[in-house]
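Engineer: Sequence and predicted model, in that order:
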Amino acid sequence: MSLGAAEEDSAQEIHLPADIDWEMLDKSKFFFLGAALFSGVSAMLYPVVVLKTRQQIAQSQVSSIKTAISIVRHEGFRALYRGFGTSLMGTIPARALYMTALEVTKSNVGTATVRLGYPEPTAAAIANAAAGLSAAMAAQLVWTPIDVVSQRLMVQGGDVGCSGPGSEKSKTLNASSSCKYQGGIDAFRKILNTDGPRGLYRGFGISILTYAPSNAVWWASYSVSQRLIWSGIGCYFCKKDGEIGENGVSTFRPDSKTVMAVQGVSAAMAGGVSALITMPFDTIKTRLQVLDGEENGRRGPTIGQTVRNLVREGGWMACYRGLGPRWASMSMSATTMITTYEFLKRLSAKSQEALT
């Protein structure tokens with residue numbers, strides 16, 4: 001794959017490693033290695049997700065550092081991994097669905113857009129956006145029930161939800177997760193007994209509204225960001241380390257570290273913007289999944305009630321509670337995930353010779 005370093009200087013090119021599409025992958029290796037790699041990444045980032053969730057259901061604004069200190073002091077370090085086992089069990093099939101939908105859609109849409117006559121950069125952005133959209137929708141079939149269960153486990157503890165009525169320690173609505181769960185299976189059973197299957201898919205609609213556009217924007221932004229970064233630094237690399245070919249064109253072949261660095265920076269940029277845009281949806285989704293509705297008896301609150309409660313507690317900025325951890329989580333997650341994902345695809349390629 002070659003990329004012009006700058007439009008105004010057509011005599012400079014950057015030769016990037018070849019893209020790997022769905023047909024080039026060894027599927028068994030792809031899914032097995034993917035489960036192992038992404039489980040490790042999830043374990044590393046899970047405490048940040050716990051902090052974000054605690055902040056989102058709090059009635060008052062509390063900093064991430066204070067929240068973390070409070071959790072460790074009153075509940076111990078293990079509280080930062082409460083619900084991780086449940087989350088991990090769901091992450092593996094959800095990731096498999098996500099990666100399959102992503103690669104199949106990207107390959108098919110990419111081929112179709114090129115045939116329709118779109119230039120390669122535009123075709124890549126469209127294919128990435130469509131792939132992100134379909135992957136998010138497919139994965140939510142598994143992720144939503146896992147989110148509901150794991151988030152219930154995350155918020156039960158010393159300062160949240162399960163403390164007695166009127167407790168000064170409780171910073172959440174007194175309707176939050178009113179019962180103690182002994183683990184993921186116990187939580188699953190109790191939610192199912194209380195609310196039925198609908199209880200496990202509470203917030204599914206707004207999850208789609210949150211993650212589907214977010215993924216579409218993220219993957220499209222990631223594709224565009226890479227091209228912008230390569231265009232910005234391309235001239236410098238070509239002039240410094242470029243090789244002059246027989247046709248007079250200056251070419252540069254970046255090493256794997258440079259490629260990985262550009263991928264990481266592009267992912268962080270896309271992740272940060274995506275977090276900012278979708279934060280209100282994520283806050284509403286988390287509250288829908290975690291809190292029980294006072295106004296509806298056992299039924300969960302509606303979206304309208306959730307928004308009114310948030311605005312009453314802290315104005316419209318209450319929708320951005322937990323933005324710091326989410327911004328950090330999505331940026332770190334995006335950077336780690338994309339570098340891991342690209343590494344995984346190269347490990348899983350049927351033919352390593354085709355990658356150069």
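Structural biologist: Sure, I can see it.
Engineer: my read is Pro301 is in a strand, agree?
Structural biologist: No - Pro301 is assigned coil when assessed by DSSP: H, G, I helix; E, B strand; the rest coil, not a strand.
Engineer: So it sits against Val290, correct?
Structural biologist: No - between Pro301 and Val290 there is no contact under Cβ atoms under 8 Å: 10.3 Å. Yep, even glycine has a C-beta here, placed from its N, CA and C like the rest.
Engineer: Neighbour count: these two, which is higher?
Structural biologist: Neighbours were counted for Pro301 and for Val290 using other Cβ atoms under 10 Å; Val290 has more, 28 against 22.
Engineer: how close does the more buried one sit to Leu88?
Structural biologist: Using Cβ to Cβ, to the nearest Å, Val290 is found at 19 Å from Leu88.
Engineer: any low-confidence regions in the protein?
Structural biologist: Applying pLDDT under 70 to the chain flags residues 1-18, 157-179, 234-252, 291-300, 352-356.
Engineer: what ranges do the helices span in it?
Structural biologist: 27-57, 64-75, 84-115, 120-155, 184-195, 197-200, 204-241, 256-290, 303-314, 323-347 (DSSP state H).
Engineer: Now do the fourth one against helix 84-115, angle only.
Structural biologist: For helix 120-155 and helix 84-115, the angle between their directions (axes from the mean of the first three to the mean of the last three Cα atoms, to 10 degrees) works out to 170 degrees.
Engineer: hang on, the earlier thing: nearest to Ile20, of the helices of the chain?
Structural biologist: Checking the helices of the chain against Ile20 by Cβ to Cβ gives helix 323-347 as the closest, at 4.6 Å.
Engineer: same for that closest one, what does it pack against?
Structural biologist: If contacts are counted by 3 or more Cβ pairs under 8 Å, 6 or more residues apart in numbering; DSSP states H and E, helix 323-347 sits against helix 27-57, helix 204-241, helix 256-290.
Engineer: Redo those helices as JSON lines? Include distance to Thr336.
Structural biologist: Below are the helices and strands packed on helix 323-347 laid out as JSON lines (distance: least, Cβ to Cβ, whole Å):
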{"stretch": "helix 27-57", "distance to Thr336": "5"}
{"stretch": "helix 204-241", "distance to Thr336": "14"}
{"stretch": "helix 256-290", "distance to Thr336": "8"}
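Engineer: Mind checking the ones you listed for the one nearest to Ala328?
Structural biologist: Comparing the helices and strands packed on helix 323-347 under Cβ to Cβ, the one sitting nearest is helix 27-57, at 6.1 Å.
Engineer: coming back round to it: nearest to Arg115, of the helices and strands packed on helix 323-347?
Structural biologist: For Arg115, the closest of the helices and strands packed on helix 323-347 is helix 204-241, at 18.6 Å, according to Cβ to Cβ.
Engineer: any idea of the angle that closest one forms with helix 323-347?
Structural biologist: Going by the same axes, to 10 degrees, helix 204-241 makes 60 degrees with helix 323-347.
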